[in-house]
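1. predicted structure and sequence below. I'll ask about it afterward.
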Amino acid sequence: MKRLVILGAGTAGTMMANHLSHELDKEEWEIDIIDEREEHYYQPGYLFLPFDIYEPQDIVESIREFIPKGVRLLNDKIEKVDAEKNLVLMENGDRLHYDVLIIATGAKIAPKEVQGMKGDEWHRSVFDFYTFEGALMLRNKLREWEGGKLVVHITEMPIKCPVAPLEFSFLADSYFKHKKMRDKVEITYVTPLSGAFTKPKATAALDHLLHEKNIKVETDFAIAEVDNENKKIIDNIKTFL
Ligand SMILES: Cc1cc2nc3c(=O)[nH]c(=O)nc-3n(C[C@H](O)[C@H](O)[C@H](O)COP(=O)(O)OP(=O)(O)OC[C@H]3O[C@@H](n4cnc5c(N)ncnc54)[C@H](O)[C@@H]3O)c2cc1C
């Protein structure tokens, strides 16, 4: 018997498990999928959590729900891969031999890489919405926020979903309008790119929308630091608050 091992039961790993369980001969192949989590998180839903459009239960489901019959799900943290010996090593010391390996462990945000980002203001006035925890903390903050400056800032490209920060800005505009406090919030979209989006035609259309919704745009902003004391983001030549 040959063994196919899939690392990560997120969107990619789950899709591979479902496709390959139909494609591979069951007499010849066994399929294992490994994830440290027990729940699957629907990441596009992180956009809607801060604005009370989705509840946590709308985007979290047991991983088991999506794993097809005949595929073995292992709930372990993967420590490393020994490619010379065809072995996956788990944090708990277990080892798993593979004939074919698919790596689908996804991408994680790295706020620590920007000076000051994970400082005193982390999850107080500085948030991410690219993690479940970040989106939830931001929801709690926005529920009680009385207005001020909202900066939607992209640290650097590439990011998982390049359009999500723009969608976030438009959702924020709509959310504050519904709460009848749009006039109390100044929204600014800050990007390291030279325009609102990666492609020129889309940038032109989106610029128009941003303007219409009174969302300011700050381009070519390469962040150097988050100044927690003064609640500012600083690049090498400009400061933004
Ligand atoms: C806010 C937001 C909006 C988005 N909107 C869209 C959209 O509209 N359309 C679209 O196509 N995409 C969108 N995306 C992107 C999409 O969600 C991701 O591209 C997709 O989830 C990536 O799937 P993945 O399987 O590669 O990684 P993930 O779904 O992140 O899965 C990786 C899995 O690996 C596991 N793992 C990682 N390391 C280990 C380890 N050491 N041990 C054990 N397990 C481990 C994790 O627990 C996780 O379950 C969005 C993303 C975000 C954040």
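-> Noted; the coordinates are in hand. Numbering: from 1, shown residues only.
2. mind listing the helices for the chain?
-> Remark: helices assigned in the chain by DSSP state H are 11-23, 56-59, 132-144, 164-178, 200-212.
3. how much space between Leu209 and the ligand?
-> Counting by Cβ to the nearest ligand atom, to the nearest Å, the gap from Leu209 to the ligand is 17 Å. No exception for glycine: its C-beta is placed from N, CA and C like everyone else's.
4. ok, that residue - contacts?
-> By Cβ atoms under 8 Å, 6 or more residues apart in numbering, the residues touching Leu209 are Phe170.
5. what do you get for Arg64?
-> With contact taken as Cβ under 8 Å, 6+ apart, Arg64 is in contact with 38, 73.
6. rerun that using 10 Å as the cut-off
-> 9, 38-40, 73, 75 (Cβ atoms under 10 Å, 6 or more residues apart in numbering).
7. what mean pLDDT does stretch 123-141 get?
-> Predicted confidence along stretch 123-141 averages 97 (mean pLDDT).
8. may I have it as CSV, with CA atoms only?
-> The C-alpha coordinates for stretch 123-141 follow below in CSV (Å, rounded to 0.1, in the frame of the first residue of the first chain):
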residue,chain,number,x,y,z
HIS,A,123,-5.7,44.6,19.9
ARG,A,124,-6.4,48.0,21.6
SER,A,125,-6.2,50.4,18.6
VAL,A,126,-4.1,48.2,16.2
PHE,A,127,-5.9,45.2,14.7
ASP,A,128,-5.7,42.7,12.0
PHE,A,129,-8.7,41.1,10.3
TYR,A,130,-6.7,38.3,8.6
THR,A,131,-7.1,36.0,11.6
PHE,A,132,-10.2,34.9,13.5
GLU,A,133,-8.9,36.3,16.8
GLY,A,134,-8.0,39.6,15.1
ALA,A,135,-11.4,40.0,13.4
LEU,A,136,-13.2,39.2,16.6
MET,A,137,-11.2,41.7,18.7
LEU,A,138,-11.9,44.3,16.0
ARG,A,139,-15.6,43.6,16.2
ASN,A,140,-15.6,44.1,19.9
LYS,A,141,-13.7,47.4,19.5
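9. please shift the residue numbers so they start at 487 in all later answers.
-> Sure, I'll start counting at 487 from here, so that last one is stretch 609-627.
10. how far off centre is that stretch?
-> Stretch 609-627 sits 11 Å away from the centroid of its parent chain (Cα atoms, centre = their mean, to the nearest Å).
11. same check on stretch 488-507?
-> For stretch 488-507 - counting by Cα atoms, centre = their mean - the centre lies 21 Å from the chain centre.
12. any of the contacts of Arg550 buried? List them.
-> Judged by neighbour count, with 16 or more other Cβ atoms under 10 Å as the criterion, the buried members of the contacts of Arg550 are 495, 526, 559.
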